[in-house]
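Following is a predicted model, sequence given first.
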Amino acid sequence: MGNKPGSLSDRVRSLRLSDSTEATGNAWWWMPWLLCILLFFLTGFLALEAFSPIDDELIKKLAEERGLNVGKPTDKSEALAKLGMTSTAGTEIALEAKGYIVPYSLIQVSPKISGTVMELNIKEGMLIKTDNFLLARLEDIEYSSDWQHAEALKKAAEARLE
């Protein structure tokens, strides 16, 4: 195998990168490293800001700037009236907030049969004892008609037997 102009070894040699540094453009080789270092320090700074403790005085100051009453004695008679409470010297509202009340536990009650509720014997928030307590009375028209039909079939079968 000689080194013919179109031989495989000539083609492979032509694919090699040149050894000169002028062809690679090394003028900005430091730019990616600089960006990595800047991102590293920026991440460290933001982590310190995010996890640093917040002073209680700063929180109170920010709340006062927004017009929130935190730790200040105020006229609570309106708030107590809304709650249906009378104003007493020992009553103090620690925090006023808007939101939702989420129950500690949720119990789902479902019947074994379906039907229209005719009478409901409980109210929301009512404490129920574990004795035989009837929660609701369902419409029994379909079931009573089925019972009467079954009784009639029983009597007809007894009459045929005799």
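Noted; the coordinates are in hand. Numbering: from 1, shown residues only.

Around Trp63, how many other residues sit close by?
Residue 63: Ala, not Trp. When neighbours are counted by other CB atoms under 10 Å, Ala63 registers 14. Every residue, glycine included, has its C-beta placed from N, CA and C.

And for Leu68?
Neighbours of Leu68 (other CB under 10 Å): 13.

again with Lys60
14.

May I ask which helix or strand encompasses Thr130?
For Thr130, there is no host helix or strand (DSSP states H and E).

how about it, what does it touch?
Not one residue lies near Thr130 by CB atoms under 8 Å, 6 or more residues apart in numbering.

Okay, it and Ile101: tell me how far apart.
Here Thr130 is placed at a distance of 25 Å from Ile101 (CB to CB, to the nearest Å).

next one: Glu139
33 Å.

can you check Ala156 too?
59 Å.

Pick out whichever of those two has more residues nearby.
Set side by side, Ala156 and Ile101 show more neighbours around Ala156, with 10 against 4, by other CB under 10 Å.

Where does the more buried one fall, secondary structure wise?
Going by DSSP H and E, Ala156 is in helix 141-161.
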